[in-house]
Every structure is written in structure tokens, then in C-alpha cells.
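A.B. asks: A predicted structure for the sequence below; I have some questions about it.
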Amino acid sequence: MNEDIELMVKIYGTYEVDWMGCEFDDPECLTRHHIVKREDGGENGISNYALLTYRSHMLLHYMETNFHDDYVRLNQLFLALNRSLKPPTAEYYEEVKKIIKRVKKTIKNNGRSRRHK
């Protein structure tokens, strides 16, 4: 496991659920998401990373293109969590869950409207 990820797992207690609420069995599946992109001046370091499974990471980058406001809001939550140096709280996960639920509902509804045209 990458040293940065290993350290972050210990700091944030990310042993079973990533920062977007996705459950996993093995921390080896975690990736580092740059909260502030490198091309926007974001650094390579734990103060600029969010711990995500590959699946969550892919969803987040889909959101970047298709649900930009929600993408920005999640990155704000990641940044606040990262600055806290504490494990995510139930309130944190509730806020993340609301955002993802709204995005998935919109995706589902858009799929239905396309089928009915």
C-alpha cells in the first residue's frame, strides 16, 4: 500500500468505508483523489488527498463533468475532513449521502426520460 494512503487510513480510520461512503474489504483498493487538482496548484501530499475506492473515484470524476456543483461540494467536504485530521462523522456521511443520492436520482430519471422519447 502507498505510504500516503497507509498514513491516511490510520489518521482517518478509513478501514471499511471510503470518503464517499462506499464500503470495501481491503484498504489496498483505496486511491488518492487530489482535492485541488495539480494543474490548479494542488500539491501531492496527504493534505490534498481524499481516500476513495476506484468505483467512488470514477463516480466523482463523472460528477466533475456532469454535476459540477455536486463535485465541488464533495471536494469542499473532503477538504474540511482532511483539515480536521479526524475520522469522518455520521453527519459528514449523511451530507455525502444526500449529494450522491441526488446525483444518482438525476441519472436514473434522465435514463427514464431518454427511454420514453
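C.D. replies: Noted; the coordinates are in hand.

A.B. asks: and the strands in the protein, which stretches?
C.D. replies: Using DSSP state E, the strands found in the chain span residues 30-34, 49-53.

A.B. asks: now those strands in TSV, with mean neighbour count, mean pLDDT and distance to residue 101?
C.D. replies: (C-beta placed from N, C-alpha, C; glycine too.) Output for the strands of the chain, formatted as TSV (neighbours: other CB atoms under 10 Å; pLDDT from 0 to 100; distance: least, CB to CB, whole Å):
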stretch	mean neighbour count	mean pLDDT	distance to residue 101
strand 30-34	20	97	20
strand 49-53	24	98	17
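
A.B. asks: for residue 5, give me its contacts.
C.D. replies: Taking CB atoms under 8 Å, 6 or more residues apart in numbering, we find residue 5 in contact with 27, 30-32, 51.

A.B. asks: and the residues you listed, which two are furthest apart?
C.D. replies: 27 and 32 (12.3 Å; CB to CB).

A.B. asks: before we move on, back to that, could the strands of the chain go into TSV alongside distance to residue 87?
C.D. replies: Output for those, formatted as TSV (distance: least, CB to CB, whole Å):
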stretch	distance to residue 87
strand 30-34	14
strand 49-53	11
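
A.B. asks: nearest to residue 71, of these?
C.D. replies: strand 30-34 (10.8 Å).

A.B. asks: what's the closest one in contact with?
C.D. replies: With CB under 8 Å, 6+ apart as the test, strand 30-34 has contacts from 1-2, 4-5, 8-9, 14, 18-19, 24, 42, 44, 48-54, 57, 60, 78.
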